[in-house]
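Asks: okay, here's the prediction I keep looking at, along with the sequence it came from:
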Amino acid sequence: METSCAYPTFCMVIFSVMAIGIIFGMIRFVKGPTASDRVVAYDTLNVMVISGLVFLSYVFQRYIYLDVSLLYGVLGFIGVIVIARYFEKGI
């Protein structure tokens, strides 16, 4: 697949920052002392996946990834709301 990243160094920096964010999010998700920390880490990981999909959409010039990222964002938001409702008073 052909990429259209005009500045390869910039693309590598963006990819590296996203990878570091995902690593830190996974560490917090596993080690989180409370359930609230795990929910925040889950939401952070959702945001990182969405940003990764948007970045892939730019690199590969495939705009279907934008639609997938929007759907993933809505589903992730609903998931966080459901978990918050469960912690608040049960479903």
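Replies: Arrived safely. Numbering: from 1, shown residues only.

Asks: so what's Ser69 closest to, chain neighbours aside?
Replies: For Ser69, ignoring the flanking residues on the chain, the nearest one in space by CB to CB, 6 or more residues apart in numbering is Leu53 at 3.9 Å. Glycine gets a C-beta too; all of them are placed from N, C-alpha and C.

Asks: average pLDDT for stretch 68-80?
Replies: Mean per-residue pLDDT for stretch 68-80: 94.

Asks: Gly32 versus the residue nearest to Ser69, what's the distance?
Replies: As for Leu53, its distance to Gly32 is 25 Å (criterion: CB to CB, to the nearest Å).

Asks: returning to that earlier point: the residue nearest to Ser69: neighbour count?
Replies: Using other CB atoms under 10 Å, Leu53 is surrounded by 19 other residues.

Asks: can you tell me how far it is from Ala19?
Replies: Leu53 is 14 Å from Ala19, by CB to CB.

Asks: then Met12?
Replies: Counting by CB to CB, the gap from Met12 to Ala19 is 10 Å.

Asks: and Ile78, by the same measure?
Replies: From Ile78 to Ala19 the distance is 26 Å (CB to CB).

Asks: element containing the closest residue to Arg62 other than its chain neighbours?
Replies: Among residues not flanking Arg62 along the chain, Leu56 sits closest, at 7.5 Å (CB to CB, 6+ apart). Assigned by DSSP states H and E, Leu56 belongs to helix 35-60.

Asks: on contacts alone, who are the packing partners of that helix?
Replies: Secondary-structure packing of helix 35-60 (3 or more CB pairs under 8 Å, 6 or more residues apart in numbering; DSSP states H and E): helix 8-31, helix 64-89.

Asks: how about the contacts made by the closest residue to Val49 other than its chain neighbours?
Replies: Residue nearest to Val49 in three dimensions, not counting chain neighbours: Tyr72, with 6.6 Å by CB to CB, 6+ apart. Applying CB atoms under 8 Å, 6 or more residues apart in numbering, we find Tyr72 in contact with 46, 49-50, 53.

Asks: so what's Ala6 scoring on pLDDT?
Replies: As summarised for this prediction, Ala6 has a pLDDT of 76.
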